[in-house]
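Undergrad: Prediction below, plus the sequence it came from.
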Amino acid sequence: CAVLLLAVPALAAPNHIAAELVAETTGMPGETITLAIAMRPEEGWHGYWQNPGDAGLGMTLKWSVPYGTRPGEMRYPVPTTLLVAGLMNHVYKGDYAVLVPLGLPVDGKPGTVLPIAVEAQWLACTDQVCVPERARLQTSVVLGPRGAPDLRFDAWRARLPAPLGAEAR
């Protein structure tokens with residue numbers, strides 16, 4: 001019981017990396033739009049790339065979306081490297097966003113508001129300590145003609161890895 005009582009304050013502590021779920025724009029039934037999970041680490045804290053390196057943990061997502069809505073694979077920006085005690089890590093020390101394509105229902109009706117939610121888990125670390133964090137993130141997407149896009153997405157896409165342009169072995 002004492003262990004559980006000591007754990008409760010830690011569970012209620014605020015996250016060291018704030019997260020927000022953002023939709024780029026509206027979209028017609030059957031189209032694909034882009035969502036972003038915008039992450040804002042506190043000063044001195046960092047998050048991890050999908051391949052965290054020798055230590056760390058990438059983000060996991062559990063989606064709650066309407067029938068016919070299809071979240072795709074996460075697309076991470078290029079990370080920086082961090083060497084701690086001889087261990088190489090791939091991290092983000094500043095603001096970053098993980099982009100996710102979202103296929104909209106083919107049989108949706110224009111004007112419908114789609115509630116989009118995701119349970120996200122990630123690891124937040126300093127050079128001395130790591131803590132698991134989580135949040136339930138929510139947004140909505142309106143089915144309809146594309147509206148003005150959120151301009152932050154241009155900057156977020158610019159940070160994605162560029163294709164090699166040639167076959168690699």
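TA: That came through fine.

Undergrad: what's the burial count for the closest residue to Arg70 other than its chain neighbours?
TA: What sits nearest to Arg70 in space, not counting adjacent residues and going by CB to CB, 6 or more residues apart in numbering, is Gly103, at 3.6 Å. (Each C-beta comes from the backbone N, C-alpha and C, glycine too.) For Gly103, the count of nearby residues is 16 (other CB atoms under 10 Å).

Undergrad: and what of Met39?
TA: Neighbours of Met39 under the rule other CB under 10 Å: 23.

Undergrad: Would you check that it makes contact with Gly94?
TA: No: counting by CB atoms under 8 Å, Met39 does not reach Gly94; the two are 9.5 Å apart.

Undergrad: Against Ala23, how distant is the residue positioned nearest the centre of the chain?
TA: Nearest residue to the geometric centre of the chain (CA atoms, centre = their mean): Ile37, 3.4 Å. Between Ile37 and Ala23 the computed distance is 11 Å (CB to CB, to the nearest Å).

Undergrad: related to what we said a few turns ago, how close does the residue nearest to Arg70 sit to Ala97?
TA: Gly103 sits 19 Å away from Ala97, going by CB to CB.
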